[in-house]
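Asker: give the three-dimensional model of this entry:
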Amino acid sequence: MFVIPDGENGAGGVQKEGGGMNDSGRPPHLRWGPIGLVAAGGTVGAACREGLSLLIPSVSAVPLAIPAVNVIGAFLLGYLYEALANLDKERSTGTRLRLLLGTGFCGGFTTYSALARDTAVLFRDGLALAASVYALGTIVVGACATWAGILLSGAIGRRSLRAAQEKDKGPSR
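Answerer: Residues are numbered from 1 along each chain as shown. Take a look at the predicted model:
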């Protein structure tokens, strides 16, 4: 029996005499813990998407819920990306939150397949301009929302860091 060194994501493990690996030797995407985090986040994200799709009505045969969900999800993912980028790399909290909220929740919440379906239906119904604006508008606004999330999260992070540094300095004399 010999030890395989840990990889960047702690993917190393102990090889058993029969040649198999224990769970810690599997790549992260094949471990039950990360799979469970993604499944739990995805379940909640999909439920939230469905809830919003029931609340937001269509306007003139153009479904507004799916673009709204995708833009909100893009903003959240941008915010989360920036917020988690600065967490302590030695701890697995950032990775777990990324799996639960990024891959899981945001992955279950957003739905570009429904956007494609809705676009195809609009084209089929003879609403080519509405279909084009619907698809391209969602993608462009979603990209802007991602950047807005990154910028907001960065600004909040910098403000928090300055406040912590001021607190560490103590009162001025």
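Asker: contacts, neighbours, all on C-alpha from now
Answerer: Fine.
Asker: how about the CA coordinates for the helix or strand bottoming out on mean pLDDT in the chain, as PDB?
Answerer: Taking mean pLDDT, DSSP states H and E as the measure, the chain has helix 93-97 as its least confident helix or strand, at a mean of 86. What follows is helix 93-97, C-alpha atoms only, in PDB (Å, rounded to 0.1, in the frame of the first residue of the first chain):
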ATOM      1  CA  THR A  93     -15.500  26.600   3.000                       C
ATOM      2  CA  GLY A  94     -15.100  28.400  -0.300                       C
ATOM      3  CA  THR A  95     -15.200  25.300  -2.300                       C
ATOM      4  CA  ARG A  96     -18.200  24.000  -0.500                       C
ATOM      5  CA  LEU A  97     -20.100  27.300  -0.900                       C
END
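Asker: counting contacts, what elements does that helix pack onto?
Answerer: When contacts are defined as 3 or more CA pairs under 8 Å, 6 or more residues apart in numbering; DSSP states H and E, helix 93-97 packs onto helix 65-85.
Asker: thinking again about what came up before, for the least confident helix or strand of the chain, what is the distance to the chain centroid?
Answerer: Distance of helix 93-97 from the chain centroid (CA atoms, centre = their mean, to the nearest Å) equals 12 Å.
Asker: confirm that Leu87 lies within a helix, as I assumed.
Answerer: No. Checked against DSSP: H, G, I helix; E, B strand; the rest coil, Leu87 lies outside a helix; its state is coil.
Asker: find the nearest non-adjacent residue to it, please.
Answerer: Gly94 (6.1 Å; CA to CA, 6 or more residues apart in numbering).
Asker: can you give me the neighbour number for that neighbour?
Answerer: Look at Gly94: counted by other CA atoms under 10 Å, it has 19 neighbours.
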